[in-house]
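J.: Need coordinates for the following:
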Amino acid sequence: MSIAAQVERFVAMGTRIELHVFGAGSADALVAARRAIEAADDALTIHRPSPTTAVNDDLLAGRGVAVDDPLLIAALVAVQDAHGLTGGVFDPAADHRFGGAGWGNVVFDPRTARISATRPLALDFGGFGKGFALDRASAALREAGVVSACLSAGESSLAVIGEHPLGGGWPFAIPHPVRADTVLVELELIDEALSISTTVGAGTQAPERAAMIRPSDGAIVTAARCAVAVDRNGGRAEALSTALLVADTDQARRLLDGGPGRRFLYDLSKEAAPTVDVTRMQAA
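T.: The predicted structure follows:
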């Protein structure tokens, strides 16, 4: 059975973006979704001048500032919620270069959008930014009447709208990041987002950055691990997979036992067939 799809491919958030829309929906839906992702990229990037780099300049200089970019404000609110959800394990302000600084040193008031820090630090939204951007794009597609779509940002961040065009959930097989032809877990998603974080591969190229630091002790996590999180919200899924990656054993168990969603943590250092280190799966 052949089902027509509209597809948009472009580069943003430092990776390849693909938007696949099936069935009914506004003719401008893909344009709106692309613009939503590009706008999130423009607001959150630290790789060129942006509202985030402007805020970072103030935080590094010890100055407080009133944030005026609506997307950055929304991201900061979501980050503050995710930091609390993960018990402080997800921390986009953790940076080895700043001697243990982290989100705990950030003072952010969502009512006034004013942010300051008790010590010099900088924000790095990392993978969270991709999930946040996919959330914005999904909202744009739904507003345009789209009922079935699959969005991806690289190979580690995914979001789906509705059911698969053939019915049922969207099937995904999460590959082992090192062993060819080996699958860690197979999942089906409906109106959900998925995030994969790993210490193996490209993520190890900048171990001093927030995604590789355990906030509780500032240790850089180098153990071979892979974390997978499924959630209704893409930004939250990214925060959970990142937190699982750097969590110690007790923190990981608390994160895996928390819900809703589905969360997995794999120890890739074992020589035998891939095994789950500590894992719990819950209904979404």
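J.: Output stretch 119-127 as CSV - backbone C-alpha positions only.
T.: Only the C-alpha atoms of stretch 119-127 are listed here, as CSV (Å, rounded to 0.1, in the frame of the first residue of the first chain):
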residue,chain,number,x,y,z
ARG,A,119,29.0,32.5,40.1
PRO,A,120,30.2,32.7,36.5
LEU,A,121,28.7,30.1,34.3
ALA,A,122,27.2,29.6,30.8
LEU,A,123,24.2,27.7,29.5
ASP,A,124,24.5,24.9,26.9
PHE,A,125,21.1,23.5,25.9
GLY,A,126,22.7,20.7,23.9
GLY,A,127,20.4,17.8,23.1
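J.: Can you give me the buried ones in that stretch?
T.: Within stretch 119-127, the residues that qualify as buried are 120-127, counting by 16 or more other CB atoms under 10 Å. To be clear about C-beta, it is placed using only N, CA and C from the backbone, and glycine gets the same treatment.
J.: Same question for stretch 162-175.
T.: 162-165, 170, 172, 174-175.
J.: Give the rounded mean pLDDT of that stretch.
T.: For stretch 162-175, the mean per-residue pLDDT is 96.
J.: what's that stretch in contact with?
T.: Residues outside stretch 162-175 that contact it (CB atoms under 8 Å, 6 or more residues apart in numbering) are 1, 3, 5, 22-23, 147-150, 158, 160, 182-191, 194, 196, 228.
J.: Point out where the protein drops to low pLDDT.
T.: 1-2, 96, 98, 201-212, 216-218, 270-284 (pLDDT under 70).
J.: Swap in 90 and give it another go.
T.: Scanning the chain with the threshold set as pLDDT under 90 gives 1-5, 23-27, 94-101, 126, 155, 175-182, 199-224, 258-261, 267-284.
J.: Just give me the residue right at the centre of it.
T.: Nearest residue to the geometric centre of the chain (CA atoms, centre = their mean): E238, 2.5 Å.
J.: A180: neighbour count?
T.: 6 (other CB atoms under 10 Å).
J.: can I assume it sits in a helix?
T.: No. A180 sits outside any helix when classified using DSSP: H, G, I helix; E, B strand; the rest coil, being coil.
J.: hang on, the earlier thing: out of the buried residues of stretch 162-175, which is nearest to G64?
T.: Of all the buried residues of stretch 162-175, G64 sits closest to I174, with 41.7 Å by CB to CB.
J.: any idea how far the strand or helix carrying the closest one is from the chain center?
T.: Using DSSP states H and E, the element containing I174 is strand 170-175. Computed by CA atoms, centre = their mean, to the nearest Å, the chain-centroid distance of strand 170-175 equals 17 Å.
J.: what lines up beside it in the sheet?
T.: Strand 170-175 pairs in its sheet with strand 183-189 (antiparallel), by DSSP bridges.
J.: For the strand it pairs with, which outside residues touch it?
T.: 158, 160, 168-176, 194, 226, 228, 230, 262, 264, 266, 274.
J.: what ranges do the helices span in this protein?
T.: Under the criterion DSSP state H, helices of the chain are mapped to 29-44, 51-60, 70-85, 126-143, 234-246, 249-257.
J.: Give me the neighbour count for D231.
T.: When neighbours are counted by other CB under 10 Å, D231 comes out with 24.
J.: let me redo that: V11
T.: Using other CB under 10 Å: V11 sits among 10 other residues.
J.: Tell me the bridge partners for it.
T.: Beta-bridge partners, per DSSP bridges, of V11: R16.
J.: correct me, but it touches I17?
T.: Yes. Shown here, V11 and I17 form a contact pair, counting by CB atoms under 8 Å, at 6.8 Å.
J.: show me the contacts for the nearest residue to A40 once chain neighbours are set aside.
T.: Leaving aside its chain neighbours, A40 sits nearest to A133 (3.8 Å; criterion: CB to CB, 6 or more residues apart in numbering). Applying CB under 8 Å, 6+ apart, we find A133 in contact with 12-13, 36-37, 40-41, 44, 153, 234.
J.: Specify which member of those is nearest to A61.
T.: L44 (20.2 Å).
J.: sorry, back to before: can you tell me which of the helices of the chain is most buried?
T.: helix 234-246 (a mean of 29; mean count of other CB atoms under 10 Å).
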